[in-house]
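1. with the input below, show me the fold.
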Amino acid sequence: MHARIRVAAVAAAAIGALTMTACDTGSTVVDKPEENAAAKADSGKDAKKGKSPEVAKVGDTLTLKGFEDGSQLDVTVVKIADPGKSANEFTEPDAGKRFVGVQFQLVNTGKAVYSDSPSNGAQVADSEGQQFDSTFADITAGPSMSSSLKLKPGAKGLGWIVFEVPKASKIGAVQFTMDSGFADQTGEWKLK
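-> So this is what the prediction gives:
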């Protein structure tokens, strides 16, 4: 009987430590991309030099850090497919819902190997503030993002992550967080 109490106490302490750690991390949202080098080179206007866009939009790249020292990605929302059409007759959205696809490009700009399931850290949010996690589905827009992506420093991954959302929802933002959604920084892209 005492062994069970001791195990329960250890488990409770571990959960408490994880909860305190999660609460104390001070998570931040990154939504301001840096001006890319090509845009700087093409810009002949003094007023635009050195200015970054107000918020990230489709096509912009955000640099995000993970928990592990040296863990960093440049994340780009490349395209949006809304609605996304199922790539097969076996996977369809539930009644009253639709698929929305987001094509992400992940480039490992850190010193550590990136190994994760990117879909675990991706979400979309509608104009009402409702957030939707990814779902397992393939769409006709293109190949899905690998569910077990491993990138050495300098390598990149490209693929679609699919979300199932209510037909009436107007998607207003895309979010991505490293470490299956548990890292301190969350990238956010506005859609209009």
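2. all helices of the protein, in order?
-> 2-24, 37-42 (DSSP state H).
3. bridging residues for T63?
-> Beta bridges link T63 to D74 when assigned by DSSP bridges.
4. what's around S117, how many residues?
-> 15 (other Cβ atoms under 10 Å). Glycine gets a C-beta too; all of them are placed from N, C-alpha and C.
5. so it is in contact with S147, correct?
-> Yes. Using Cβ atoms under 8 Å, S117 makes contact with S147 at a distance of 5.1 Å.
6. pull the contacting residues for Y114.
-> 66, 71, 73, 106, 108, 149-151, 178 (Cβ atoms under 8 Å, 6 or more residues apart in numbering).
7. ok, what's across the strand from it?
-> Going by DSSP bridges, Y114 forms beta bridges with L151.
8. quick one: it from D82, how far?
-> 27 Å (Cβ to Cβ, to the nearest Å).
9. just for this protein, where's the confidence low?
-> 1-26, 31-32, 34-53 (pLDDT under 70).
10. mind listing the strands for it?
-> 28-30, 61-65, 72-84, 97-108, 114-116, 122-126, 131-135, 149-151, 156-166, 171-177, 185-190 (DSSP state E).
11. state the distance from S180 to D116.
-> For S180, the distance to D116 (Cβ to Cβ) stands at 6 Å.
12. now swap in A137 and tell me
-> The gap separating A137 from D116 is 20 Å, by Cβ to Cβ.
13. now for F163, how many residues are close by?
-> Neighbours of F163 (other Cβ under 10 Å): 26.
14. which residues does it contact?
-> 99-102, 122-124, 132-135.
15. try V162
-> 84, 99-102, 134-139, 144.
16. and which of those is nearest to E128?
-> Using Cβ to Cβ, V100 is the member of those that lies nearest E128, at 14.9 Å.
17. perfect, that will be all.
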